[in-house]
Structure formats: C-alpha cells, structure tokens
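S.K.: sequence and predicted model, in that order:
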Amino acid sequence: MKHLLLVMIVFFLINVESVYAGQDIVVQGLFTGKAVVLIDGQRRVMAIGDTSPEGVKLIAVDSDQATLEVDGKRQSYALGSSVSLSFSKAASVEEKVFADDRGMFMSVGSINGQSVRFLVDTGATTVAMNTTQAKSLGVRYAIEGEAATASTASGFVKAYRVRLKSVSLGKIRRRNIEAMVIDGEHPGPVLLGMSFLGDLKVEKAGNTLTLKSR
C-alpha cells in the first residue's frame, strides 16, 4: 500500500508540474510534518515552521491540505491546488526620500512588518543595525546569524550576518534580504544599504532621492 502511494505521489508530481507550470505556488505533496511546494518554478521541501527564500511559510499540514502563510495571510490549500500570487514586481514602483537639514536621507519603513526609521545609505553594503535594534525587531542573530566582523569608527567589532524575511520602504517591498547586526551602538539609525537598494534604480536630484523598482 505504501509503495503504491509513493508511486501515485511521484506520478502526481510529474504531471502537476507540467499542468501548473507558470503558476506562482503549487502544493505538490503532503507528508507527515512536511509539504512539497512549487514556488515560482522552484520546488521546496518544507517542514512545519519553515519559511522559503520567497517568503512562504508552512504553518500546518495533514493528509488533505497544507496551510501556508504569505504576506501575513494564512490559507489552507489542497494537494495540487494553485495559489495565484505574484512574487515579482509587475510594474515599476517609485518612492522619494528627502534630505533633512544635515543632508541625510531619512525615511520610515519596516523590517519583518515592524516600523523602522532608516538612513538610506548607498555606501553601505547591506542593511545594517545594532544589537539593540535587532533584539527589538525579534531578529535572532545570536542563534540564526553567521559570526562576522564589522569596521566601525571604534575599529573592528563583532557582528552577525542574518537574513531578514522582509524589508519595506513605502510601496517597495523585498524579501529574504541580507543584513548585518553589529555589536554595540553602531549604527545609530538602521542603514538601508545595497542588499535592499541594489536591485533598485537610485537617482539623486538636489535634496531628493528617488528609488524605483526595475
């Protein structure tokens, strides 16, 4: 019986991929504590609690359906059902950031759904924050981060490389963004660096910085 079930699952996976090619999310397999989900053409084997690089989280699974969370919304989907969601920006989105009286481009955005005050910094390699900020945002840098070092005005200090589930500035939102958590009080504001800005078109005109999704 188990052998027959496995054969049926394999047959289903082969056929459902051809049928649903081009769909954003397809639930392809259901197992004890796990599900196989096709996300933008990438097959992910996910355990309960896992979040894919595309930002899809598996909440629950049983023999009939999988419960997925996307953009904070949860819904259950049966085997083979397709979720019509777009993970790419269909049209260009534009945001403007204005310089303050010190010439700094400050703006309010969010990290993992929580409000953050950003300093837009094209000279920063990644999004960067200090350990106090990371703790307030629930970033588990000490457990999930990769140990590193960072150069500050005080010299080299301990840091952690992490991945943020989502980073937003106005209507521009990106998932799975690389970031650096730096031990101590540096930087002051959270730096919105090139791990977020790199895929955007950045134009500076006077005291206005215009960010456009490509």
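M.R.: Sure, I can see it.
S.K.: from now on I want contacts and neighbour counts done on CA atoms only, so please keep to that.
M.R.: Will do.
S.K.: list the beta-bridge partners for Ala60.
M.R.: Counting by DSSP bridges, Ala60 forms beta bridges with Thr67.
S.K.: any idea how far Thr132 is from it?
M.R.: Taking C-alpha to C-alpha, to the nearest Å as the measure, Ala60 falls 32 Å from Thr132.
S.K.: more neighbours: which of those two?
M.R.: Ala60 (18 against 14; other C-alpha atoms under 10 Å).
S.K.: my read is that that one contacts Ala66, right?
M.R.: Yes. The criterion here is C-alpha atoms under 8 Å, and Ala60 meets it with Ala66 at 5.8 Å.
S.K.: contacts for the helix or strand Thr149 falls within?
M.R.: Per DSSP states H and E: Thr149 is located in strand 146-152. For strand 146-152, the external contacting residues (C-alpha atoms under 8 Å, 6 or more residues apart in numbering) are 156-162, 182, 186.
S.K.: farthest-separated two in those residues?
M.R.: Phe156 and Val162 (18.2 Å; C-alpha to C-alpha).
S.K.: pop the domain breakdown of the protein in here.
M.R.: Listed domain ranges for the chain are 9-83, 94-213 (source: automatic domain parsing).
S.K.: can you show me the helices along this protein?
M.R.: Assigned by DSSP state H, the chain shows helices spanning 2-19, 131-136, 141-144, 194-197.
S.K.: what's the second one in contact with?
M.R.: With C-alpha under 8 Å, 6+ apart as the contact definition, helix 131-136 has outside contacts at 140-141, 181-185, 190.
S.K.: and the residues you listed, which of them are buried?
M.R.: The neighbour-count test (16 or more other C-alpha atoms under 10 Å) marks 140-141, 181-183, 190 as buried among these.
S.K.: from Val26, how far off is the nearest residue to Val167 once chain neighbours are set aside?
M.R.: Once flanking residues are discounted, Val167 sits nearest to Ile111: 4.6 Å by C-alpha to C-alpha, 6 or more residues apart in numbering. From Ile111 across to Val26, the span is 27 Å (C-alpha to C-alpha).
S.K.: for the contacts of helix 131-136, work out which two are farthest apart.
M.R.: Arg140 and Glu185 (17.3 Å).
S.K.: so where's the longest strand in this structure?
M.R.: Looking across the chain with DSSP state E, the single longest strand is strand 155-169.
S.K.: which residues does the nearest residue to Thr51 once chain neighbours are set aside contact?
M.R.: Nearest non-adjacent residue to Thr51, counting by C-alpha to C-alpha, 6+ apart: Lys57, 4.1 Å away. Residues near Lys57 by C-alpha under 8 Å, 6+ apart: 49-51, 68-70.
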